[in-house]
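Enquirer: Give me a 3D structure for the following:
(4 chains)
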Protein chains: 2
Amino acid sequence: MPAPDRNTTRYAHRHQRAVAAAAAVFADKGFHGASTRDIAEKLGIQQGSLYYYFKSKEAALEEVCLTALRDYVSHIESIASQPGKLEVKLQAAIAAHLATYEHNNEAMKVHNEQRLYLPKDRRKHLNALGSRYRQQLEGIFCEGVSTGQLRKDLDCHFTALSLIGLCNYWGIQLLRNAPLKTEDVTENCVDILLHGCLARHTGMPDTDTQTDTQVN
Amino acid sequence: MPAPDRNTTRYAHRHQRAVAAAAAVFADKGFHGASTRDIAEKLGIQQGSLYYYFKSKEAALEEVCLTALRDYVSHIESIASQPGKLEVKLQAAIAAHLATYEHNNEAMKVHNEQRLYLPKDRRKHLNALGSRYRQQLEGIFCEGVSTGQLRKDLDCHFTALSLIGLCNYWGIQLLRNAPLKTEDVTENCVDILLHGCLARHTGMPDTDTQTDTQVN
DNA sequence: GCTTTTTTCTATAAACCTATAGATTCTATA
DNA sequence: TATAGAATCTATAGGTTTATAGAAAAAAGC
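Expert: You can find the predicted model right below:
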């Protein structure tokens, strides 16, 4: 077993499937609650065979988290770098965040909930990616403030983190609550974040376009 | 060991300590990652002795979650039932939510992150308490809409859930980020939630009162 | 078709984990 | 101080877990 680093298409493909299986099992049972046997079973192989793809269970967790973050970060970076009206950018950022949950749901959930069970040094790479995401998002807000589209007194750092918290919350809900539509959630998040809840006294008539999102 | 239900002060006290120890260990290592030996160690007793206080490890998890929720729910109910201006109520609700994290941090974290590892029937009671919390919070928003203090087109259900998500996010951050001040976070949450991020075109001058909350 | 490499299998060591039973030590009270 | 009951200890059964090693099967290359 001399490190299967042959970059054959075949291996890459199978390895990817193994990561996906690990993501699904970790998402369902948690890192410690899941056994390597569970993952192997989902892949249709024997427990011992799993070690052909992962050096250890911990390495599997790390890989799952990384796959989740890579998409996530590359999306926000392309959104942040393109010029455009702030409202549109923000909407795109939220939509992308939630879409990542829609397409890569298990891995994202695992990253959020299980990442801290990795030892510190294994988390370094993850932290770096996470920081990049935060910075990009914060940058969008800062830009909005400097162009006068957002309130001058806005705490961009706090707001960016809050948005991440909000999106993660709804991302998980999307996963557990099939009837929820990603577009509706996106729209609602944008709305609250931009306009807040208070009644506006601007003289403009209320546009009564409520999209009810009954969950349970 | 005929069910130690003697309601002596002594037992109640020790039992409470056992729940707190379980909360701390579960919060740190997760339900499956923590062993009964870990909990016993934290209490300064032997692993087997723990079963004097808990019928099973699962029962311990259930108790931890319940202690967290009880405070949490009773607070919101007293806030929601008292009359008062909406903004004040909302501020109180957020402050109470975050305060629960401050005082009962481990148990709250465990409830959020580990609750789903309980079997469905053991979660019934928890779900009921959670629903009560949600309803009370949603009620506060609905009241605000009907009294004209909040936008008529506000989706109260969505907003209530979002606030829960937001508070849980910041609650966890408070726990991991000592320098963060609960009052600042509360203020920032209220501000964003009520006013949103957009620059206001009301003719009122901007009150530049930014409280920066640098985290990392 | 034969050889080499990749992939999977089987078997197992060594550790750990929950829960229980019965013995033992503490504590309070009469 | 003697005694009942509460609290803890020790020991262990029975099971699961990760990770490794070497054999076997499958796939690829020539």
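
Enquirer: Look up the closest residue to residue A:151, ignoring the ones flanking it.
Expert: Spatial nearest neighbour of residue A:151, excluding adjacent residues (CB to CB, 6 or more residues apart in numbering or on different chains): residue B:199 at 5.2 Å. Yep, even glycine has a C-beta here, placed from its N, CA and C like the rest.

Enquirer: I misspoke; the intended subject was residue A:156.
Expert: residue A:141 is the one closest to residue A:156 (CB to CB, 6+ apart), at 4.0 Å.

Enquirer: is the helix or strand hosting that neighbour up against DNA strand D anywhere?
Expert: Here residue A:141 sits within helix A:120-146, counting by DSSP states H and E. No - Helix A:120-146 stays clear of DNA strand D (CB under 7 Å from any atom of the strand), getting no nearer than 12.1 Å.

Enquirer: Can you list the helices and strands that whichever helix or strand comes after that helix packs against?
Expert: Tracing the chain past helix A:120-146, the next element assigned as helix or strand by DSSP H and E is helix A:156-176. Counting contacts by 3 or more CB pairs under 8 Å, 6 or more residues apart in numbering or on different chains; DSSP states H and E, helix A:156-176 is packed against helix A:86-103, helix A:105-114, helix A:120-146, helix A:182-195, helix B:156-176, helix B:182-195.

Enquirer: 6 Å instead, please
Expert: helix A:86-103, helix A:120-146, helix B:156-176 (3 or more CB pairs under 6 Å, 6 or more residues apart in numbering or on different chains; DSSP states H and E).

Enquirer: Give me the mean pLDDT for that helix.
Expert: Averaged across helix A:156-176, the pLDDT comes to 94.

Enquirer: in that helix, what counts as buried?
Expert: A:156-175 (16 or more other CB atoms under 10 Å in any protein chain shown).

Enquirer: Retrieve the pLDDT associated with the residue in chain A positioned nearest to DNA strand D.
Expert: Taking CB to the nearest atom of the strand as the measure, chain A has residue A:48 as its residue closest to DNA strand D, at 3.0 Å. For residue A:48, the pLDDT comes out at 96.

Enquirer: Surely it is in a helix?
Expert: Yes - judged by DSSP: H, G, I helix; E, B strand; the rest coil, residue A:48 forms part of a helix.

Enquirer: Run through chain A and note the low-pLDDT ranges.
Expert: A:1-8, A:201-216 (pLDDT under 70).

Enquirer: In it, which residue is most central in space?
Expert: residue A:108 (4.9 Å; CA atoms, centre = their mean).

Enquirer: so who does that one touch?
Expert: Contact partners of residue A:108, counting by CB atoms under 6 Å, 6 or more residues apart in numbering or on different chains, are A:68, A:100-101.

Enquirer: who in chain A is up against chain B?
Expert: Applying CB under 6 Å from any CB of the partner chain, we find that chain A lies next to chain B at A:30, A:32-33, A:150-155, A:158, A:162, A:165-166, A:169, A:188, A:193-199, A:206, A:208, A:210, A:213.
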